[in-house]
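**Q** Mind looking at a prediction? Sequence and model below.
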Amino acid sequence: MCDGSGAAACDVPGGGVEAFDRFGEGGVGEATAQGRVHSLALEAKPMQEAQAWIDRYRQFWEGNLDQFEKYLDKLQTKETKHDNDKE
């Protein structure tokens with residue numbers, strides 16, 4: 001269990017410790033081991049940059065999907081009107 005502090009102590013299931021090394025390789029933190037104690041220090045800046053990128057694309061896709069939804073609603077309205085005119 002993590003205590004929520006900057007240098008949290010966590011119980012990690014077997015095999016999970018190796019994944020900490022990936023943080024260092026990705027430039028988002030540094031994993032160290034001293035005996036059975038493994039520590040992970042995360043760097044906030046790379047995570048903030050990633051979050052900013054995600055937010056930009058979220059805005060882009062939400063705007064485009066909103067427009068697409070309006071287009072589909074318009075098509076559906078035309079189709080319903082066309083079907084009603086046939087009756």
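**A** Arrived safely.

**Q** what stretches of the protein score poorly on pLDDT?
**A** Applying pLDDT under 70 to the chain flags residues 1-21, 86-87.

**Q** Apply 50 and report the result again.
**A** Scanning the chain for pLDDT under 50 picks out the ranges 1, 3-8.

**Q** the domain parsing of it - what is it?
**A** Here the domain assignment for the chain is 1-42, 44-87, based on automatic domain parsing.

**Q** how about the helices in this structure?
**A** Counting by DSSP state H, the segments of the chain that form helices are 17-25, 44-86.

**Q** Give me whichever of the ones you listed is most buried.
**A** When these are scored by mean count of other Cβ atoms under 10 Å, the highest mean neighbour count falls to helix 17-25 (a mean of 13). All C-beta spots, glycine's among them, are computed from the backbone N, C-alpha and C.

**Q** For F68, see how far away the residue most central in space within the chain is.
**A** What sits nearest the mean C-alpha location of the chain, by Cα atoms, centre = their mean, is I54, with 7.1 Å. As for I54, its distance to F68 is 20 Å (criterion: Cβ to Cβ, to the nearest Å).

**Q** ok, now A33?
**A** A33 is 49 Å from F68, by Cβ to Cβ.

**Q** Ok, A44 next?
**A** To F68, A44 is 35 Å away according to Cβ to Cβ.

**Q** likewise Q51?
**A** Going from Q51 to F68 by Cβ to Cβ gives 25 Å.
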